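**Q** here is my input, please return the structure:
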Amino acid sequence: MATPQIYRKTLLAVLLLLAAAALYPAAAEGDEVLALTESTFEKEVGQDRGALVEFYAPWCGHCKKLAPEYEKLAASFKKAKSVLIAKVDCDEHKSVCSKYGVSGYPTIQWFPKGSLEPKKYEGQRTAEALTEYVNSEAATNVKIAAVPSSVVVLTEENFDSVVLDETKDVLVEFYAPWCGHCKSLAPIYEKVASAFKQDEGVVIANLDADKYTSLAEKYGVSGFPTLKFFPKGNKAGEEYEAGRDLDDFVKFINEKSGTSRDSKGQLTSEAGLVASLDALVKDFHSAADDKRKELLSKIEEEAAKLSGPAVKHGKIYVNVAKKILQKGSDYTKKETERLHRLLEKSISPSKADEFAIKKNILSAFSS
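**A** Residues are numbered from 1 along each chain as shown. Coordinates of the predicted model:
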């Protein structure tokens, strides 16, 4: 039997871990840049490694343009123990930014090892230029990490086979290499492609309209960038007229393609849910065991009517209902907890999607 002293020690250890997590927040998944706060800045900067810090504001257009380059820089220096790549949100942590004389955004400063006296970076805001600068200051020899693109590059040879594929919803950007607006859109468009790369029915593509003028003319392109959406049911194409922020694109694709992604490519809490089955599940949840067998038959009948990706989701509904009948109502709670543990591990994106959808469907049986 555990003694009170052991309980106290265990509780103290848990509290220390929680305090450490609050003081030293890790970078968000998919974000290699360490976000600093008023309480963590001097615990990380001016210590035993040099630090490059971007002081930014969330609403700043130049900051948004820098973000993918800065992320690429951080990914490249991820294994360099002598260098920290960090950022500070000046809207949230005004005192830090004021202390270091920040008056415009983005401001990038280099803090040498062991020093809180920064040097202002005045060079180009590209991953290549920033890497060269950090290598020079930190005496490192890091190379830019290659980031594979999720955007499908179209040509005269593959345009029809990709864009006119009746099984795909395809968003196409017609661009020109010299176009400034196209260059500004490029990092956002790459994030859109990355967000939907797990969805087989969605393609995010682009075409160099300067090089393939005949295709641009065929689809009435007269300015750059021009975005056209080619859904499964309309291969003549339709103008994309929504906004050009990442969230605008994600919302548009979700509405048009029936997907359920957020801007980071994670499945939302709506993914996998089927309205016609949810209505039956609500009755199933509140019914007595003898009535549940009858409702299972109705769930099976409704699931058999589904088509496309929903077929797989219907099978999960049926399986969960059967498991509840076999193992009792606690099954949903235990299975949800198991899936949550699995999702916290390093798993493939396809497995993460599979587990997230099952969690969502389990939640339908629990509410």
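**Q** for K298, see how far away the residue lying closest to E117 once chain neighbours are set aside is.
**A** Of all residues not flanking E117 in the chain, F111 sits nearest, at 7.6 Å (CB to CB, 6 or more residues apart in numbering). Yep, even glycine has a C-beta here, placed from its N, CA and C like the rest. In this view, F111 and K298 are 65 Å apart by CB to CB, to the nearest Å.
**Q** the two: which has the busier surroundings?
**A** F111 (24 against 15; other CB atoms under 10 Å).
**Q** so the more buried one is in contact with V53, correct?
**A** Yes. Judged on CB atoms under 8 Å, F111 makes contact with V53 at a distance of 6.5 Å.
**Q** need the overlap of contacts for the two.
**A** Taking CB atoms under 8 Å, 6 or more residues apart in numbering as the contact rule, F111 and V53 both touch V45, P118.
**Q** next up, phi/psi of the residue nearest in space to the middle of the chain, please.
**A** For the chain, the residue nearest the mean C-alpha position is K264 (1.2 Å; CA atoms, centre = their mean). Main-chain torsions, K264, degrees, to the nearest 10: phi -100, psi 0.
**Q** and it, how far is that from A352?
**A** Distance, K264 to A352, using CB to CB: 12 Å.
**Q** what do you get for K251?
**A** 22 Å.
**Q** okay, now G201: neighbour count?
**A** 16.
**Q** how about the one 10 residues further on?
**A** A count of neighbours around K211, defined by other CB under 10 Å, yields 12.
**Q** quickly list what the residue nearest to E117 is bridged to.
**A** In this entry, F111 is beta-bridged to A51, by DSSP bridges.
**Q** quick one, what contacts it?
**A** F111 touches V45, G46, G50, A51, L52, V53, E117, P118, counting by CB under 8 Å, 6+ apart.
**Q** would you list the buried entries among these?
**A** The neighbour count (16 or more other CB atoms under 10 Å) marks V45, G46, G50, A51, L52, V53, P118 as buried among the contacts of F111.
**Q** mind putting those residues into CSV with distance to A236 and pLDDT?
**A** Putting the buried ones among the contacts of F111 into CSV (distance: CB to CB, whole Å; pLDDT from 0 to 100) gives the following:
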residue, distance to A236, pLDDT
V45, 55, 97
G46, 60, 96
G50, 56, 97
A51, 53, 97
L52, 49, 98
V53, 50, 98
P118, 56, 97
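**Q** what is the nearest of those to K72?
**A** Nearest to K72 among the buried ones among the contacts of F111, counting by CB to CB, is L52 at 13.1 Å.
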